[in-house]
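J.: Fold the following, please.
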Amino acid sequence: MTLTELRYITAVARLSHFGKAAEACFVSQPTLSVAIRKLEEELGVTLFERSRSQVTTTPVGEKIVEQARRVLEEAERIKTLAAAEQDQLATSFKLGVIYTIGAYLIPSLLPGLKAAAPKLQLRLTENFTDALALQLKNGEIDAAILSLPFAESGIITRPLYEEPFVVALPRGHKLARKRALEPADLSGETMLLLGARNCFRDQVVEFCPACAGRDGEEIQRTLEGSSIETIRQMTAAGAGITLLPATTAQPDSSLSDLLEIRPFVEPAPKRVVALAYRRSFPRPQLIALLADTVRSSPPPGVVLTEF
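T.: Next comes the predicted model:
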């Protein structure tokens, strides 16, 4: 029995899927499946019931997975003790970022981080907020950059910047005649939204309930896209209008001639982007460096505020 095998079974239990668990563990599915089968043979029990449509954890498997989580937590504590004696900026660091931030923040973050910590081995992963929360608590990543609110026991959040929301319109749309828009201006429009699990979708709907067609509001209809880039392309093609985080609405050579961007009148909707990490994380210098680097080289469109 190895720590690697324990990581594999906790990942499968969390994701209920061998392929997704293998991806989360950065191994091939056959490698993960063989390792779990070997562990089951060693223990003499079946940990997972497998079918074509789903993977479920057996009752004894649930008990073993829970114990495996405890073992992995203790292993992290051992690493913590060792890391305290090392150069905090010369180790491996696993950073998770939510999908609606990653592609727009990382290009401005990496050069400064590399200059300040040339020996740092950075591994990046993108995912939804709920998945990153589990990875953070299980020690699969060291920190995450995501959008507030985010409340998890044992996790500290450090605000980095504010990001306004803007409206993206097809070129020539009637709303482009206005210099700034109000929520009521969106009535009667086809609204393009991200799909479920995206926290940005939830924030848009909270600001503008009509954007999801709730309670008989006057949004004509809504369409969904799987990513910010898909939503931008759909908007440029005239499928509707959308709300975007400001960093994703910067001039783009392929779409700048097809989109028009308008801000909201104040108070404009916005999100707070933050750095989340475990309270027990042993490298505070690295957390401070990451936060300072983001704030010293922020992506275009954000607002730096003293939190």
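J.: List the residues that contact P159.
T.: 148, 272-274, 305, 307 (C-beta atoms under 8 Å, 6 or more residues apart in numbering). Placement of C-beta: from N, CA and C, glycine included.
J.: Of the residues you listed, which is the most crowded?
T.: Sorting those by how many neighbours each has (other C-beta atoms under 10 Å) puts V273 first, at 25 neighbours.
J.: Quick check on the closest residue in space to it that isn't next to it in sequence: phi, psi?
T.: Closest residue in space to V273, ignoring its immediate chain neighbours: L160 at 5.1 Å, by C-beta to C-beta, 6 or more residues apart in numbering. Here is the backbone geometry of L160 (degrees, to the nearest 10): phi -110, psi -50.
J.: Run a quick check on L160 versus V294, I expect a contact.
T.: Yes. At 5.0 Å, L160 counts as touching V294 under the criterion of C-beta atoms under 8 Å.
J.: Determine the residues that are contacts of both of the two.
T.: Contacts common to L160 and V294, judged by C-beta under 8 Å, 6+ apart, are 145, 275.
J.: Surely I156 forms part of a strand?
T.: Yes. Assessed by DSSP: H, G, I helix; E, B strand; the rest coil, I156 belongs to a strand.
J.: Can you name the next helix or strand after the helix or strand containing F165?
T.: Using DSSP states H and E, F165 sits within strand 155-170. Counting by DSSP H and E, the element after strand 155-170 in chain order, helix or strand, is strand 190-194.
J.: Let me see the mean pLDDT of that following strand.
T.: The average pLDDT within strand 190-194 is 88.
J.: One more: stretch 141-152?
T.: Rounded mean pLDDT across stretch 141-152 is 93.
J.: CA atoms of it as CSV?
T.: Provided in CSV are the C-alpha atoms of stretch 141-152 (Å, rounded to 0.1, in the frame of the first residue of the first chain):
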residue,chain,number,x,y,z
ILE,A,141,-3.1,21.7,-4.9
ASP,A,142,-1.3,24.2,-2.7
ALA,A,143,-3.4,27.3,-3.4
ALA,A,144,-6.2,28.5,-5.7
ILE,A,145,-7.1,31.7,-7.4
LEU,A,146,-10.9,32.1,-7.5
SER,A,147,-13.8,34.4,-7.0
LEU,A,148,-15.3,35.4,-3.7
PRO,A,149,-17.4,34.5,-1.7
PHE,A,150,-15.5,31.3,-0.8
ALA,A,151,-15.9,29.9,2.7
GLU,A,152,-14.2,26.6,3.6
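J.: contact partners of it?
T.: Residues outside stretch 141-152 that contact it (C-beta under 8 Å, 6+ apart): 93-98, 100-102, 105, 125, 129, 132-133, 135-137, 157, 159-160, 199-200, 203, 271-278, 281, 283, 287, 290, 294.
J.: and the gap between the residue nearest to L124 when sequence neighbours are not counted and G102?
T.: Nearest residue to L124, sequence neighbours excluded (C-beta to C-beta, 6+ apart): L95, at 5.6 Å. L95 sits 10 Å away from G102, going by C-beta to C-beta, to the nearest Å.
J.: again, but for T248
T.: T248 is 11 Å from G102, by C-beta to C-beta.
J.: what about those two, which has more around it?
T.: Legend: neighbour count by other C-beta under 10 Å for T248 and G102, higher for T248 (22 against 18).
J.: How about that one: what's its closest non-neighbour residue?
T.: Of all residues not flanking T248 in the chain, I228 sits nearest, at 4.9 Å (C-beta to C-beta, 6+ apart).
J.: Neighbours of the one you found, how many?
T.: So I228, with other C-beta under 10 Å, has 22 neighbours.
J.: which is the next helix or strand following the helix or strand containing L95?
T.: Assessed by DSSP H and E, L95 sits inside strand 92-98. Following strand 92-98 in sequence order, the next helix or strand is helix 99-116 (DSSP H and E).
J.: got the buried residues for that next one?
T.: Buried residues in helix 99-116, counted by 16 or more other C-beta atoms under 10 Å: 99-106, 108-109, 112-113.
J.: Remind me what it packs against, helices and strands.
T.: Contact here means 3 or more C-beta pairs under 8 Å, 6 or more residues apart in numbering; DSSP states H and E; on that basis helix 99-116 packs against strand 121-127, strand 143-147, helix 228-236, strand 241-245, helix 284-296.
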